[in-house]
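Chemist: what shape does this take:
(chains A and B)
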Protein chains: 2
Amino acid sequence: MKSEGSEAGEDSKDSQPKGNRGISFLDFIMRIVAILGTLGSAIAMGTSNENLPSFKQFIRFKAEYKYLPTFTFFVVANGMVSAYLAVSLVLSILHIVMSGARITRVVLIFFDTVMMAFLTSGASAAAAIVYLAHKGNARANWIAICQQYNSFCDRASGSLVGSFIGVLVFLLLIILSALALSRN
Amino acid sequence: MKSEGSEAGEDSKDSQPKGNRGISFLDFIMRIVAILGTLGSAIAMGTSNENLPSFKQFIRFKAEYKYLPTFTFFVVANGMVSAYLAVSLVLSILHIVMSGARITRVVLIFFDTVMMAFLTSGASAAAAIVYLAHKGNARANWIAICQQYNSFCDRASGSLVGSFIGVLVFLLLIILSALALSRN
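Modeler: Residues are numbered from 1 along each chain as shown, chains lettered A, B, ... in the order given. Coordinates of the predicted model:
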């Protein structure tokens, strides 16, 4: 990596933007992957609900994301981050065209980092609750609700995957932007 | 900001490292703040416990962080991040001396981003459980344990603060590194 960087530095100036153009193109593709992951997570959690049959006619046991504030936060975080990613595609395309840009790359690193923290926060808080729903906690007298609400729990657990893929993509996006900046 | 950047570009080369030296010095100070925050959080949560009086002689009700896996994760995450921050001071000092460094700044952005995600994850998961301990959840039949374990809950809630300060500092550290890279 180091030798590659120094070679690029010794070459003519044209070679650097070319390398950065490749990075910018990869940036664009990864943003699309992250949009799919986070939007998928928001939809999977947002549409999950389960009705349990009850012996009494007018009482229904229902599991839905909005009864757990942490899952609501998860849906909002994933929705907002996927919207941000869609908007950020504009800057990403700009960087493919103007691969020597600096200020906009710093701006993008800033917002990417904020959104990464936001997404990590939503995903981890939801994961803590999903873990509790699966395992329960005997000391705190919190029962494992997944034995009852099986399909709701499966959906909630599955929806974490897209969100954590989004976190990984953000990590790569920030590194790629930093690399592009260091080669400018 | 933009005009400042272009001015620096037009000035002699000496002015750039000077600006970056200021950034590197700020980076060093902020890492110390983050060490205090995360180490404080780890110790506050790690040493929290509460014994409740019981009518029966041989049964004791005890609240401790290790009975809740999420709080254990919180202590481990904060401990590891503060250790990482202590090690990263070496690179931070190196950047004060060699303010034109590029590769090491990219390396630092990479590890800072990973550690920020790790810390955010621990803090958010713990916050979800602290929220549950305070409010409970009627739908899931999870009772609010803070009415019983008052001092344990206060300690757990308080220990979140240092951790979230750490997350904020990481955000600033990543932006400062990106700024320094863009000015090199």
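Chemist: tell me which helix or strand comes right after the least confident helix or strand in chain A by mean pLDDT.
Modeler: Ranked by mean pLDDT, DSSP states H and E, the weakest helix or strand in chain A is helix A:2-10, scoring a mean of 41. For helix A:2-10, the following helix or strand on the C-terminal side (DSSP states H and E) is helix A:15-46.
Chemist: how many other residues sit next to the closest residue to A:Cys153 other than its chain neighbours?
Modeler: With Cβ to Cβ, 6 or more residues apart in numbering or on different chains as the criterion, A:Cys153 has its nearest non-adjacent residue at 3.8 Å, and that residue is A:Cys146. No exception for glycine: its C-beta is placed from N, CA and C like everyone else's. Counted with other Cβ atoms under 10 Å in any protein chain shown, residues neighbouring A:Cys146 total 20.
Chemist: ok, A:Cys146 touching A:His134?
Modeler: Yes: between A:Cys146 and A:His134 there is a contact under Cβ atoms under 8 Å: 4.9 Å.
Chemist: need the overlap of contacts for the two.
Modeler: Residues touching both A:Cys146 and A:His134 (Cβ atoms under 8 Å, 6 or more residues apart in numbering or on different chains): A:Cys153.
Chemist: output the below-cut-off pLDDT ranges for chain A.
Modeler: A:1-18, A:53-61 (pLDDT under 70).
Chemist: and the residue nearest to A:Cys153, how far from B:Ala125?
Modeler: A:Cys146 sits 18 Å away from B:Ala125, going by Cβ to Cβ, to the nearest Å.
Chemist: what sits against the spatially most central residue of chain A?
Modeler: Closest to where the C-alpha atoms of chain A average out (Cα atoms, centre = their mean) is A:Gly166, at 2.8 Å. Contacts here follow Cβ under 8 Å, 6+ apart; on that basis A:Gly166 touches A:Ala34, A:Gly37, A:Thr38, A:Ser41, A:Asn78, A:Val81, A:Leu119, A:Ala123.
Chemist: host element of it?
Modeler: Secondary structure from DSSP H and E places A:Gly166 in helix A:150-183.
Chemist: what's the offset of that helix from the middle of its chain?
Modeler: 4 Å (Cα atoms, centre = their mean, to the nearest Å).
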